[in-house]
Structure formats: structure tokens, C-alpha cells
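Engineer: Quick check, what structure comes out for this input:
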Amino acid sequence: MALFRKRAAGRPGEWYYCLEHGTVEEGPQCPAKNRLGPYPSRQEAENAMRIAAERNQNWENDPRWHDRGGDGDDGGKGPAAA
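Structural biologist: You can find the predicted model right below:
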């Protein structure tokens, strides 16, 4: 029997989207590795996958993250090379 029980990080009143269960939860219920958030409202947590997709699309189209040569190899220099 464990003397101390490990709790998930977070606070009630914060909303999360659980990737494992595909559900919205208030406060920490599932492990952090399976959550997106926190979000300020339930509605925003419900849209977590759409928000993540939009952010990924913005990142993919950000010219600072592509090298000038266009061949996809920046020589390991990353975004600072742009």
C-alpha cells in the first residue's frame, strides 16, 4: 500500500481534452501525457483537436521554420538560419 498517492497536476476549474478517451474533463483526471490543455472553458476544451490542427497548420506554413533552399535540409541549423 502506497503511503502517498501521486495526483495528476492541475486545478479544478481548468478544462482539458483527454486524448486517450476523447472526452473533456474538468480538472486533472487523466495523466498529463494524455491531455491537451488547460483551457479556460469547456467549449474551448471541446474544440481542442481543431485548435491543435490550426496551430499545426500555422506552424507548417510559418516561413521562419523553412530553410531558404526549399529542399527541406537546413543543415541542422533550425529556425535561426532563416
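Engineer: Which strands and helices lie in contact with the host helix or strand of Glu44?
Structural biologist: Using DSSP states H and E, Glu44 sits within helix 42-46. For helix 42-46, the packing partners by 3 or more CB pairs under 8 Å, 6 or more residues apart in numbering; DSSP states H and E come out as strand 15-18, strand 23-26, strand 35-39. (Glycine included, C-beta is placed from N, CA and C.)
Engineer: how about low-confidence regions in the protein?
Structural biologist: 1-12, 67-82 (pLDDT under 70).
Engineer: try 50 this time
Structural biologist: Residue ranges of the chain with pLDDT under 50: 81-82.
Engineer: if I look at the nearest residue to Glu14 once chain neighbours are set aside, how far off is Asn47?
Structural biologist: In this structure, Glu14 finds its nearest non-sequential neighbour in Pro38, 3.5 Å apart by CB to CB, 6 or more residues apart in numbering. The span separating Pro38 from Asn47 equals 14 Å under the rule CB to CB, to the nearest Å.
Engineer: Then Glu60?
Structural biologist: 19 Å.
Engineer: Looking at the two now, which is surrounded by more residues?
Structural biologist: In this view Glu60 and Asn47 are compared by other CB atoms under 10 Å, and Asn47 has more residues nearby, 16 against 9.
Engineer: how much space between that one and Ser41?
Structural biologist: 10 Å.
Engineer: what comes up buried for the helix ranked longest in the chain?
Structural biologist: Secondary structure assigned by DSSP state H gives helix 48-60 as the longest helix of the chain. Neighbour-count burial for helix 48-60 flags Ala48 (criterion: 16 or more other CB atoms under 10 Å).
Engineer: Show residues contacting it.
Structural biologist: Helix 48-60 is contacted from outside by Tyr17, Val24, Leu36, Gly37, Tyr39, Glu44, Trp65, using CB atoms under 8 Å, 6 or more residues apart in numbering.
Engineer: so who does the third one touch?
Structural biologist: Think Leu36. Contacts of Leu36 (CB under 8 Å, 6+ apart): Tyr16, Tyr17, Leu19, Ala45, Ala48, Met49, Ala52.
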